[in-house]
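Chemist: Fold the stuff below for me.
(one chain, ligands or ions: 1)
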Amino acid sequence: MDWTGPRIDHVGIAVRDLEAAAERYRRLLGTPPAYRERVASDGVDAVVFALGTSRVELLTPFLDGSPVDRFLGKRGEALHHLAYGVVDLRAAMARATAAGAELIDAEPRVGSGGTLVAFLHPKSVHGVLTELVQIDGH
Ligand code: CO
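Modeler: Numbers count the residues shown, from 1 in each chain. Next up, the predicted model:
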């Protein structure tokens, strides 16, 4: 059966030392990173591991005061966000709103890898910063 509903696209983990974290996760996962990326709009550098159709993104801020920098200051290294891949981002945003979730991004915006994304406020989804990311249909 084709699964066209949301799936786990990636998780983001906030880290202080990106190189040390990348080496730890390389050994933990038994695979080298798939790619590195600077997401200027979010003020982060990322090392990304591909695990099947999912990814693990290690994130570190390159700008003081960026959201991940503030997160590290408040919470320390931790799981930062969970991203669901959806085929139709606007439909998923409408469904989230109807479900009582609060959108941080009222409109889709460009996120990592040039994808279209929108974030949901963690307080409205039981404490998890949640990202909706539009994936190609399959
Ligand atoms: Co993300």
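Chemist: Could you list the buried residues of the longest helix along the chain?
Modeler: For the chain, the helix with the greatest residue count under DSSP state H is helix 18-29. Using 16 or more other C-beta atoms under 10 Å as the test for burial, helix 18-29 gives Leu18, Ala21, Ala22, Tyr25. C-beta: built from backbone N, CA, C; applies to glycine.
Chemist: Could you do stretch 66-78 as well?
Modeler: Pro67, Val68, Asp69, Phe71, Leu72.
Chemist: would you turn those into JSON lines with distance to Leu116 and secondary structure?
Modeler: What follows is the buried residues of stretch 66-78, written out as JSON lines (distance: C-beta to C-beta, whole Å; DSSP: H, G, I helix; E, B strand; the rest coil):
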{"residue": "Pro67", "distance to Leu116": "19", "secondary structure": "helix"}
{"residue": "Val68", "distance to Leu116": "20", "secondary structure": "helix"}
{"residue": "Asp69", "distance to Leu116": "24", "secondary structure": "helix"}
{"residue": "Phe71", "distance to Leu116": "23", "secondary structure": "helix"}
{"residue": "Leu72", "distance to Leu116": "26", "secondary structure": "helix"}
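Chemist: Okay then, goodbye and thanks.
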